[in-house]
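Okay, here's the prediction I keep looking at, along with the sequence it came from:
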Amino acid sequence: MSFNLILLLASCAPEPTASDGQGLADEPPATSLAADGGPTEGRYRATDEDGLVLIEELRRDGSYSFSDKDGVVIEEGRYTQKSQAELCFTASAEGAAEKCYQEEFGQDGVWRSTDPETNAVAVIERIDN
């Protein structure tokens with residue numbers, strides 16, 4: 001059974017720029033925002049239309065892991081934010097292709113992620129940062 005549940009995290013902030021030719025401007029590091037407005041990094045629960053649950057951990061270094069509800073790791077790899085409404089994952093398995101999910105935080109307050117191949121929709125909940 002395939003777990004095609006993923007969440008969107010959002011766009012990256014611009015890179016710091018040079019200030020007066022004396023190095024980088026005194027700006028805080030870029031912070032990415034998830035669809036819910038919180039930080040990208042964190043743990044999430046994705047529940048598909050059949051009730052299957054996937055726990056997603058997205059790390060600050062761009063790596064991720066997906067586990068089943070019992071904590072068994074199903075997949076690991078790297079993620080890339082393409083835009084506020086698109087998050088892409090590439091599994092660490094040899095020959096794995098990038099797979100990009102469409103994300104939305106609806107007016108109803110529900111965060112949904114759509115699989116690009118099957119159009120299956122998962123509901124995303126933040127567990128912690």
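Everything's here; your move. Numbering: from 1, shown residues only.

Centre of the chain to the helix or strand Glu125 falls within, how far?
Assigning secondary structure by DSSP states H and E places Glu125 in strand 121-128. Computed by C-alpha atoms, centre = their mean, to the nearest Å, the chain-centroid distance of strand 121-128 equals 10 Å.

Same question for that strand: list its buried residues.
Within strand 121-128, the residues scored as buried using 16 or more other C-beta atoms under 10 Å are Val121, Ala122, Ile124, Arg126. Any C-beta I mention is one placed from the backbone N, CA and C, and that applies to glycine too.

Identify the residues contacting the third one.
When you say that, I think you mean Ile124. Shown in contact with Ile124 (C-beta atoms under 8 Å, 6 or more residues apart in numbering): Leu7, Leu8, Ala35, Tyr44, Arg45, Ala46, Glu103, Trp111, Arg112, Ser113.

and the residue nearest to Pro116 when sequence neighbours are not counted, how many residues sit next to it?
Using C-beta to C-beta, 6 or more residues apart in numbering and skipping residues adjacent in sequence, the residue nearest Pro116 is Cys100, 5.8 Å away. For Cys100, the count of nearby residues is 18 (other C-beta atoms under 10 Å).

coming back round to it: of all the contacts of Ile124, the one with the weakest confidence?
In terms of pLDDT, Leu8 ranks lowest among the contacts of Ile124, with 31.

Does the residue nearest to Pro116 belong to a helix, a strand or coil?
At Cys100 the chain is in strand, as set by DSSP: H, G, I helix; E, B strand; the rest coil.

and it, what pLDDT?
Note for Cys100: predicted pLDDT of 95.
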